[in-house]
Every structure is written in structure tokens, then in C-alpha cells.
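Colleague: output the structure for:
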Amino acid sequence: MAKQIFNNIRLGIFVLAGMFFLILILYFLGKNRNLFGSTFTIKAHFGNVSGLRAGNNVRFAGIEVGTVKKVKILSDTLIEVSMAIDTKLKNYIYKNAEVAIGTDGLVGNKVLNITPVPQRAALVNDGDLLVTKKSTDTEEMLKTLNTTNENIAFISEELKQTVLKINNSKALWALLNDNSISPAVNKSLSNIQKASSEANNFVIGLNEMIADIKKGKGSLGMLVSDSTFAGNLNEAVYKIQQVGDNANTLTEKLNEIAKGIQSDVDKGTGTANLVLKDSAFAGNINRSIENIENATDAFNQNMEALKHNILFRGYYKKLEKQKKKN
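Modeller: Numbering: from 1, shown residues only. Okay, the predicted model is just below:
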């Protein structure tokens, strides 16, 4: 009987000890989850929470300061996340702090990261809504890495095919093994260097010429810097322009005369019409010319007859002798 009582006591002590340790474990777990500590609530709005759920950790500057209290859908494009934060952190979190969704490790649980900003603002209050920022999504990063791997694989395959083509190209290897190419390349490089040097000398000379022009040396320098020379040049250009204007005026007058002559010819009036179209007038002019020619011939014959006349023969001989002396 005494042994039965002793066993019951031992069992009771064991049960009580187990319950005490269970309560102690639950307390520490609850404290870690802010179930038994003093907390305040802040909120953030996201378009996509990327698998975030209640109970996930909240970190401030990399330190765990609370947990996700509630995830609530406000609309098809807006989700509200409530966070239970330890009250001790209330004096360190400001209203302009930024909230982003992160990952605990590369593929671990989702966490909320609260990041402070350099600009100071008022301290956060219970129920405040913080600004959110887009963070790198692990799934999107993995998709990008997958696409990159596929591209690298494609490039590697193409590079492999290119190397095989190069290895199987006899012409390319013959070109690479040709010892005459190296001197030709060296000669080409030498020519390029020489051309570059000549171009450099040309640029130097051009710079010197520009400097001389700026100093007023040479005709071009005088044109640029000498105001008197520039004034004379302007005056000469002005005179040339006047000559051109006079030539244009003369041309216009000649055109008017030509138009007047053409008008007289078309109308059958004026001297020009008589000269150009009147056959009787032209005939008179021809007869006058023939008469002049006949008179000239007759005069020449008379003068020749006078030379042989006894009265004038001596006079003409004296003229001939004087011409010979001169």
C-alpha cells in the first residue's frame, strides 16, 4: 500500500514537472513570437506579398523585432499587411521608414524588412502606414537565372560549332601559317603610323596657321583683324555691286531698244523696218553704194589720167622721188 502511494506521488511529480517544462517552452516560444510581450501595430500595403503569411518574421535593420500579425486583401491589386512590433523599438522606427518583402536565405521563408532612411521624420505610432518598396523576388531572379543559363548554353553551343568550323578550315590555318603575312601586317602598321604622324603634323601646321590668323599675320589675318582692310574690301565689294547694277540697267535698256525694234518690225513702222524689211529702201541703198563705187572708179581713172598729162607729169614725178627718199 505504501509502495502504491509512493508510485502515485512520483507520477504526480513527473506530470507536474512535464507540465512546468511545457509551459516554460510555450512561454519562450510565445515570447519569441511576441505573444506575451508588449507590442504595437504598424501596417504596409503591397500589390503582391509573394507568399508572405501571418507568423513570418519582421526585421528592422537586420534584427528580428516582430512578426506578421495579419495579411488582409483590400482589393484585387492591394493587400494590407499588419505587423506586431516590439514596443522597445518604437523609439527607433520613423514614419518614413521603408518596408520590403525579403527571403530568409535564398529559398527560405518570406520576411518583412524595415529599412531606415537617412532623412529624419516623426516617430512611428500605433496603426501607422509605412511606405513600401519593391524588392527582388526570388522567383523572378530564378527565372532570370534560368533564362541566362539557357542563353549561355546556346552561346556555348554556337561557340563550339564555330571552334569546330575553325579547326576544320584549311584555308584559315593556311592563312595563319603563312609567314609572309606578318611582314605585310608590320608594313601596313608602319604605313598607318606614318600616315598618323603626317596627319598630326598637318594638324600642328593648321593650328599654327590659325594662331597666325588670330595674330593678324598674312592676308587672311589682315582680313580677320585689320578693320581698314576689311573696310576697303567692303567698299570694293560695294563698287562691284554698283557695276553689276549698272550692267543690269544697261541690259534692261538694250532689251527695251530690242523690244522697240521688234515692235517696229512687227508693226511695219520706223527706220528698223525700212532697213530690215522694205525692199525698195534696201534697193535704194544698194544703188547708192553702186553709184559711190562707180564714182570712185571714175575718180581713180581721172587721177591716173592726170598723172600722164603733160601739165601734171612733173609734179607726180617729184612726189615719187620724195617718197623714195623718205
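Colleague: which outside residues touch the host helix or strand of K72?
Modeller: Remark: K72 resides in strand 63-75, with elements defined by DSSP states H and E. By CB atoms under 8 Å, 6 or more residues apart in numbering, the surrounding residues in contact with strand 63-75 are 33-34, 39, 41, 45, 49, 52-59, 79-86, 89, 112, 114. For the C-beta atoms, the positions are set from N, CA and C on the backbone; glycine is no exception.
Colleague: give me the sheet partners of that strand and which way each runs.
Modeller: strand 57-60 (antiparallel), strand 78-86 (antiparallel) (DSSP bridges).
Colleague: how distant is that strand from the center of its chain?
Modeller: Distance, stretch centre to chain centre, for strand 63-75: 49 Å (CA atoms, centre = their mean, to the nearest Å).
Colleague: can you check stretch 58-71 too?
Modeller: Offset of stretch 58-71 from its chain centre (CA atoms, centre = their mean): 49 Å.
Colleague: export stretch 50-61 to PDB, keeping only CA atoms.
Modeller: What follows is stretch 50-61, C-alpha atoms only, in PDB (Å, rounded to 0.1, in the frame of the first residue of the first chain):
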ATOM      1  CA  SER A  50       4.900  36.700 -52.700                       C
ATOM      2  CA  GLY A  51       3.800  34.000 -50.300                       C
ATOM      3  CA  LEU A  52       4.100  36.100 -47.100                       C
ATOM      4  CA  ARG A  53       1.700  34.900 -44.300                       C
ATOM      5  CA  ALA A  54       0.900  35.600 -40.700                       C
ATOM      6  CA  GLY A  55       3.700  34.500 -38.300                       C
ATOM      7  CA  ASN A  56       6.600  35.400 -40.600                       C
ATOM      8  CA  ASN A  57       9.300  37.400 -39.000                       C
ATOM      9  CA  VAL A  58       9.700  41.200 -39.300                       C
ATOM     10  CA  ARG A  59      13.300  42.600 -39.300                       C
ATOM     11  CA  PHE A  60      14.500  46.100 -38.600                       C
ATOM     12  CA  ALA A  61      18.000  46.800 -39.900                       C
END
